[in-house]
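>>> Fold the following and give me the result.
(4 chains)
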Number of protein chains: 4
Amino acid sequence: MTKIEILTDVDVQLAEFSGSDSSIADAARVSLNPSEIDRSRDAGLINTLLKKKHGSPFEHTFLKFYIEAPIFAFREFHRHRIGWSYNEMSGRYVKLPPRFYIPHVERPLINGGTSMNPNFIAGTGQQVRLVDRNLRLSYQAAWDTYEKLIGAGVANEIARSVLPVGIMSRMIASCNVRSLLHFLALRTDDDRAAYPSKPQYEIELIARKMEAHLALKFPDVYYSFNENGRVAP
Amino acid sequence: MTKIEILTDVDVQLAEFSGSDSSIADAARVSLNPSEIDRSRDAGLINTLLKKKHGSPFEHTFLKFYIEAPIFAFREFHRHRIGWSYNEMSGRYVKLPPRFYIPHVERPLINGGTSMNPNFIAGTGQQVRLVDRNLRLSYQAAWDTYEKLIGAGVANEIARSVLPVGIMSRMIASCNVRSLLHFLALRTDDDRAAYPSKPQYEIELIARKMEAHLALKFPDVYYSFNENGRVAP
Amino acid sequence: MTKIEILTDVDVQLAEFSGSDSSIADAARVSLNPSEIDRSRDAGLINTLLKKKHGSPFEHTFLKFYIEAPIFAFREFHRHRIGWSYNEMSGRYVKLPPRFYIPHVERPLINGGTSMNPNFIAGTGQQVRLVDRNLRLSYQAAWDTYEKLIGAGVANEIARSVLPVGIMSRMIASCNVRSLLHFLALRTDDDRAAYPSKPQYEIELIARKMEAHLALKFPDVYYSFNENGRVAP
Amino acid sequence: MTKIEILTDVDVQLAEFSGSDSSIADAARVSLNPSEIDRSRDAGLINTLLKKKHGSPFEHTFLKFYIEAPIFAFREFHRHRIGWSYNEMSGRYVKLPPRFYIPHVERPLINGGTSMNPNFIAGTGQQVRLVDRNLRLSYQAAWDTYEKLIGAGVANEIARSVLPVGIMSRMIASCNVRSLLHFLALRTDDDRAAYPSKPQYEIELIARKMEAHLALKFPDVYYSFNENGRVAP
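Next comes the predicted model:
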């Protein structure tokens, strides 16, 4: 039997992008003639657009990401329907790779709050070891069954039934700046947020890596997003 | 430890709906005055709309379903983004119920074709028994680990990492006739289809139950859909 | 030549709807068993959903409107793409009816502010008369040309080129509660709004009539929408 | 009074784009490892995707257009809601430029068919002159009224009520290859189309200019689109 690989982080790569702070500002200036455009006012205009929730200018942009993360995080991700495009590795077409997610030691394991108002805190040493050991054992056992079934000629799509939602998957996800801001507003827990959100730790891992790309490619947007309570337009 | 429940089918209930064949035809007649409407031509008009891919009149309708199915089927379902709304039971908020999916004895287990052109055939008796036994054992083991972790105080959202994609989940899914036809065109394997599709057996189980509701509530649409190669407008 | 009709208001009828405050609350409770549902907490739950921007439960609803309004208002309306379906009377298929919009005497005619920060005030008596007289004359002249061209055998779709954006049109517009709240947040000017908007008067006329239907059919949603700054989830 | 400008064509510029035939093919290969990719099979894979209506790989692309066209054409354009983003010049914010559309002499003016099955044929010399003369006169008269009202201090948004749908407007429109193919399938009249469409001449003018950009930037997609009945995936 194959020994499974364990990962404690997700991976996010920006594969392609188009647009800039200036191109967003210019989309808002479609009523003006080119000669009327004052480029030094881009940042101020973007700030006004965010504040007034004029969202459409942010849509004339494109970001394409390669992402690797556990299936339970992708399940949350795919609820974002508008302004998002997905192609994910398929357990029908291929035998999935034996890569599984286990929480990093820093990831709090215990919910000290309620379902509606979660408040995560660190586990005890015993709880940390329990999680680590049981996830590994359970993943390996599921993988062994998966391989046994495939080895016996059973179709991929049947055999995968036993694979846990903690297995890693890969996808291409494309969006625009507007849909990305909506994702970030909902999938990060941030003190600056006017509408606080309590996303699961793992989808926030993804979100924060995407956010870093946004900050580099669209710095004016990013600055104003934070200044205005991280509310998507 | 809890003994898990095994299911070999999915469940689909139509909880609410609005609209009719006539209301679809009338949406296409918005340019006409009420006195110009000839109700006896509803079926013919609907047929023309489908044939000419005039899709918007089919959108002024509403169907709300309760669905129970394995997570791997919901994962495919949720790729339908446009004209679909979802609320699914969350393994973050509650401890999931111990209900798991195993293929019915009639479900073919072996892919005699390729990934791109699958051709499913029945498994041998030995393969059927192997699948049945191993899915049960693997599910029960995963469930036991899940309960052990929750029992030790670990958060639901961590513990669920070990749960397999063969576990049953529940959701509310709302759509309109147009988005439902797109779903049916892609998620059924039907001789009448101009664009043949090879969906996974389990999502076709869901699709066929939804289709039965469509056939009852929108019979003219359903008739013309089949007459015109099951191509969504 | 035909004498044109003048209208100073828009018309909005609720033709069909589905769902209720309770059905929205229940969509948020999909993780619960029916026996766990406490119906007396519907209003509180809806309030929490709005406050926390949990928008999906509001989508399992349906409202279908018949609307008559000037083309310039429909042009703004159709920028709402998500969760909205439209069928509008077509000037390609039929000769349009000779109905035109003129501002009601109460509609302020002068922008005392700027383009970005409009501040509308009443016109002088002279301005009111100037608008009334010139719109009527211009509309009638355009209509006469339209009829002359059609009378000479020119296609509807060519002849309509001369018709002004002040002509009335009719459409069927369907949405759900979530998409309607987004529309209301953007298309009304309201003191309770956390994100003030300055819509054109005529689209606010439409929005306020739709809002009245929402208030009657989904009173808990409506109450909480206003209590929470009229921010759509 | 200002003399209006007359235009007999629309303008379409490709301002930005991202993606290629290869990047579309690679999106479909997300289940494969990079080493398994055979670039020489891109065209064949794209053809298969189109034939089987696997649409999602075509979405990881971006095209941004600047378009100038008459309002009646934009009204049809904006019915394309999914995978399209728009920012249009606003007659609320600025005084519109005095540019108007008149059919080119080659544009057939007479519908020799019915509303549902239009069949356009050339007008007689008299009809051509009638259209040309009356559109010019009507446009100029409407423009003069527009300027008179603005000159008297009336708000832009009121004064524009008299402007005809034949006035030119400008917009930025962004899409992806999938949403563009849907637009082309519906807005062109083409012998190769499996589902023939009868769009208005002017929106087809726009569509054909967009199509030329698609053909240059995504030649494999374009070839297969035509080979497969111009049906969007």
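
>>> Could you say which helix or strand holds residue A:186?
Secondary structure assignment for residue A:186, by DSSP states H and E: helix A:177-187.

>>> what about that helix and chain B, touching?
No. If you take CB under 8 Å from any CB of the partner chain as the test, helix A:177-187 misses chain B, and the best it gets is 11.3 Å. Bear in mind the C-beta positions are built from the backbone N, C-alpha and C, glycine included.

>>> what comes into contact with that helix?
A:19, A:24, A:55-56, A:58-59, A:61, A:63, A:76, A:80, A:82-84, A:175, A:193, A:195, A:197, A:199, A:203-204, A:206-207, A:210-211, A:214, A:218, A:221, A:225, A:230-233, C:53 (CB atoms under 8 Å, 6 or more residues apart in numbering or on different chains).

>>> Buried ones from those, can you make that a PyMOL selection?
In PyMOL, this line selects whichever of the contacts of helix A:177-187 come out buried by 16 or more other CB atoms under 10 Å in any protein chain shown:
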select buried, (chain A and resi 19+24+55+56+58+59+61+63+76+80+83+84+175+193+197+199+203+204+206+207+210+211+214+218+221+225+230+231+232+233) or (chain C and resi 53)
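
>>> So which of the contacts of helix A:177-187 sit within strands?
Members of the contacts of helix A:177-187 lying in strands (criterion: DSSP state E): A:63, A:84, A:175.

>>> Save those as CSV, and put in distance to residue C:139 and pLDDT too.
Supplementary listing: the ones in strands among the contacts of helix A:177-187 in CSV, determined by distance: CB to CB, whole Å; pLDDT from 0 to 100:
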residue, distance to residue C:139, pLDDT
A:63, 47, 98
A:84, 44, 98
A:175, 45, 98
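
>>> In the longest helix along chain A, which residues are buried?
When chain A is scanned for its longest helix (criterion: DSSP state H), the result is helix A:125-151. Across helix A:125-151, burial judged by 16+ other CB under 10 Å covers A:127-128, A:130-132, A:134-135, A:138-146, A:148-149.

>>> Tell me if that helix is near chain D.
No. Interface with chain D: helix A:125-151 contributes nothing (CB under 8 Å from any CB), its closest point being 15.3 Å away.

>>> and the very next helix or strand once past that helix, what does it pack onto?
Proceeding N to C from helix A:125-151, the next assigned helix or strand is helix A:156-159, under DSSP H and E. Taking 3 or more CB pairs under 8 Å, 6 or more residues apart in numbering or on different chains; DSSP states H and E as contact, the helices and strands that helix A:156-159 lies on are helix A:125-151.

>>> follow-up on the earlier one: quick check: mean pLDDT across the longest helix of chain A?
For helix A:125-151, the mean pLDDT works out to 98.

>>> Could you do stretch A:98-118 as well?
Mean pLDDT, computed over stretch A:98-118, is 93.

>>> How far does that stretch sit from its chain's centre?
Here the centre of mass of C-alpha atoms in stretch A:98-118, compared against the chain's by CA atoms, centre = their mean, to the nearest Å, lies 16 Å away.

>>> cool, stretch A:51-66 as well?
When C-alpha coordinates are averaged (CA atoms, centre = their mean), stretch A:51-66 and its chain have centres 16 Å apart.

>>> where in chain A is pLDDT low?
Within chain A, no range satisfies pLDDT under 70.

>>> re earlier: which of the contacts of helix A:177-187 come close to chain D?
The residues of the contacts of helix A:177-187 that also fall near chain D, by CB under 8 Å from any CB, are A:19, A:56, A:59.
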